[in-house]
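Novice: The following comprises the amino acid sequence and a computationally predicted model.
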Amino acid sequence: MDLFLTQLLNGLVYSVLLFLVSAGLALIFGLLGIVNLAHGSFFMLGGFVALSVTAATGSFWLAMLLAPIPVMAVAGLIEVVFLRRLYARSQLDQVLLTFGLSFILTDVTETIWGKGLSSLQEPQGLREGVSILGNVFPAYRLALLAFGFICAFAIWLVLERTRAGSMVRAGVDDARTAMGIGLNVPALRTATFAIGGGLAALAGVVAGPLLGVFSGIDVEVLIPAFIVVAIGGLGSLRGALIGSLVIGFADTLGKAYIPGVSMFLIYFAMIGILLVRPYGLFGQDPAGG
Amino acid sequence: MTSMILPPKQPAARRFVFVAMVLACVVLSPLAVLSGYGLDVITEIMIFAIVAVSLNLILGYGGMVSFGHAAFFGLGAYATVLISTRYDVSPWLGLAGGVGTATAAAIVIGAFCVRLGGVGFFMMSLAFAQLLNSGAIKWRPLTGGSDGVGGLLRPELFGFDLSDAGPMYLFTAAGLVGVLLFMRMVIASPFGHAMVGTRESSLRMDAIGYQTRRIRLAAFAVSGAIAGLGGALYAFYNGFVSPDALSFGMSGMILLMVILGGKGSLLGPVLGAGLFLSVKNIVSTHTSHWLLIVGCIFVACVMVCPDGILGFGKRLFRSGERR
């Protein structure tokens, strides 16, 4: 029972990380129509910047606060300089561009920080276990869980209950009409890309103590995040949430109980769901039919 | 677009002799000029040209953006090495097995992928390639895990030992020329036109009565088979294959070669493969920032010449004519 509870917790924690990455990915696809292959790079960059911040200040909290900022700047710059010129072009061009950018970001990261596997230290006070109903859980994972729920709630609140959020939703539903009634969709796109990148970076920071910070984690995170949005439906935030839970649990429980096939489980899940619902659980057919 | 697909009308026999002579000169001249290493470099380029040409069939003509083409390249390479070394049979049987395995996989994977359009296709092809990549890493007893498998010795052909650079070069060149001739035939055939029609408007083709899903699947299978041939030749060339051959990065490289040269034209991918691997060979001897260079090629290609070098050249040529 104890082991099972631990696995459940691990599954939830992995789901939280996936959600932070895939929420941005889904929003970016929804508003910008872009499959962002550089999204894993934002995650990786967040982790590396956090390493530098903790090395300089010794504070994990400060790293959480500061690390997303330069990543958001980089993401915003990418949108303004490159992506903005590509909205009228085919999806292939956008995919290739972000793929190329991910190479450049990897090289830049390796030049600044090196390749090495380094691990972020959990913040002081969250390094011990917490005993609940006779079971001991690692405090950091519990805190991460709480943090994930707060983030998900905050994202929901901003999107559903604020003016900026309703503008983003309008842009996702119909960018042309949104522009027609005077919404500044280009600025919304820049902001969405930057904030999506920032969320991925934040995920990279909080994942640091669990997964480590190294070059190559970008692809390791990108692929499951893609599977999450494919399952949930491209452009759907609710889909990203459900998809994160499906993949988070499938992967964690698979590794614990059926290690032989666990590596394939998430792919099988995706293929199975896409066979039944080709546009994902909450996705809509772009052709409208 | 159509002008690229329809062969220009010229007296057939004269044209054939001319093309054959040019081809013979192009293929034979490196043998006279280059040493073993130089021939090896060109052999590798031609192998990847075959793979790029195969992707171009579904990407350029079929309009299917696959991010998992490494699956068929890698499967072809793995099957060739494994059949030849584990079962101790002739590498020729391995080559046939490699192409066969890739074709079978393309039919199965294609059946899933062609149901989806656009981004769905992209995601599905990526997922299958990653699945195979995971399989190659995980199934250690068969594949040697992340270390890969090797030990394939190149066989003899008509008394020539393919372990020498010259015969291997000629054999690969014959493969590339064969693939190009076949591709030219496919593209000019009614099937090729139906494929382009499906790319332009799947809905209309459906309405006229074409089985668009079947057309797409057939194109996918042919493409997978040719990529498998590329993989099998790579296994011959390298004697060794690792999960890298099935990786995300490999799929991206193949895609870049097609885009760089120019998708939707017969020779564009060949040009793209040549240029990409030449730059790679030159750059990687001078700097460790190879990734940065590849990334910049990607970005420059998309921003400056999305139609590839061939398209860029054509545009230059045309704008020159107008003045």
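Specialist: Structure received.
Novice: Return the mean pLDDT over the helix or strand where B:Val53 lies, rounded to an integer.
Specialist: Using DSSP states H and E, B:Val53 sits in helix B:36-56. Helix B:36-56 shows a mean pLDDT of 88.
Novice: Send over that helix as CSV, restricted to the C-alpha atoms.
Specialist: The C-alpha coordinates for helix B:36-56 follow below in CSV (Å, rounded to 0.1, in the frame of the first residue of the first chain):
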residue,chain,number,x,y,z
GLY,B,36,39.2,6.3,-51.0
TYR,B,37,38.2,8.9,-48.4
GLY,B,38,36.7,11.2,-50.9
LEU,B,39,34.7,8.4,-52.4
ASP,B,40,33.5,7.4,-49.0
VAL,B,41,32.2,10.9,-48.4
ILE,B,42,30.3,10.9,-51.7
THR,B,43,29.0,7.4,-51.0
GLU,B,44,27.5,8.7,-47.7
ILE,B,45,26.0,11.7,-49.4
MET,B,46,24.3,9.4,-52.0
ILE,B,47,22.9,7.1,-49.3
PHE,B,48,21.3,10.1,-47.6
ALA,B,49,20.2,11.4,-50.9
ILE,B,50,18.2,8.2,-51.4
VAL,B,51,16.6,8.7,-48.0
ALA,B,52,15.9,12.4,-48.7
VAL,B,53,14.4,11.5,-52.1
SER,B,54,12.1,9.0,-50.3
LEU,B,55,10.9,11.6,-47.8
ASN,B,56,10.3,14.0,-50.7
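Novice: Where does the stretch 201-323 of chain B get nearest to chain A, which residue?
Specialist: Per C-beta to the nearest C-beta, the residue of the stretch 201-323 of chain B with the smallest distance to chain A is B:Phe298, at 2.4 Å. C-beta here means a position set from N, CA and C on the backbone, and glycine is covered the same way.
Novice: Could you pick out the residues of the stretch 151-300 of chain B near chain A for me?
Specialist: For the stretch 151-300 of chain B, the residues in contact with chain A (C-beta under 8 Å from any C-beta of the partner chain) are B:248-249, B:252, B:255-256, B:259, B:289, B:291-292, B:294-299.
Novice: Counting neighbours, which of those residues comes out on top?
Specialist: The residue in those with the most neighbours, by other C-beta atoms under 10 Å in any protein chain shown, is B:Ile259 (30 neighbours).
Novice: one step back: now, the residues of the stretch 151-300 of chain B next to chain A that are in helices?
Specialist: B:248-249, B:252, B:255-256, B:259, B:291-292, B:294-299 (DSSP state H).
Novice: pLDDT and distance to A:Val13 added to the residues you listed, as CSV?
Specialist: Formatted as CSV, those follow (pLDDT from 0 to 100; distance: C-beta to C-beta, whole Å):
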residue, pLDDT, distance to A:Val13
B:Phe248, 85, 25
B:Gly249, 84, 29
B:Gly252, 86, 30
B:Leu255, 89, 34
B:Leu256, 86, 36
B:Ile259, 86, 39
B:Leu291, 83, 31
B:Leu292, 87, 34
B:Val294, 84, 35
B:Gly295, 87, 32
B:Cys296, 88, 37
B:Ile297, 84, 39
B:Phe298, 83, 34
B:Val299, 87, 36
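Novice: from those, which single one is nearest B:Phe16?
Specialist: B:Ile259 (31.1 Å; C-beta to C-beta).
Novice: I'd like the distance between the residue of the stretch 201-323 of chain B closest to chain A and A:Leu51.
Specialist: 27 Å (C-beta to C-beta, to the nearest Å).
Novice: Also B:Ala79?
Specialist: With C-beta to C-beta as the criterion, B:Ala79 and A:Leu51 are 43 Å apart.
Novice: neighbour count winner among these two?
Specialist: B:Ala79 (26 against 20).
Novice: Now the more buried one: which helix or strand?
Specialist: Taking DSSP H and E as the definition, B:Ala79 sits inside helix B:70-86.
Novice: Run the chain-centre distance for that helix.
Specialist: Between the centre of helix B:70-86 and the centre of its chain there are 15 Å (C-alpha atoms, centre = their mean, to the nearest Å).
Novice: Any buried residues in it, and which?
Specialist: B:70-85 (16 or more other C-beta atoms under 10 Å in any protein chain shown).
Novice: Do it and chain A come into contact?
Specialist: No: Helix B:70-86 stays clear of chain A (C-beta under 8 Å from any C-beta), getting no nearer than 11.9 Å.
Novice: again with stretch B:131-149
Specialist: Yes: Stretch B:131-149 comes into contact with chain A (C-beta under 8 Å from any C-beta), by way of B:Leu131, B:Ser134, B:Gly135, B:Ile137, B:Lys138.
Novice: residue nearest the centroid of chain B?
Specialist: B:Val51 (1.3 Å; C-alpha atoms, centre = their mean).
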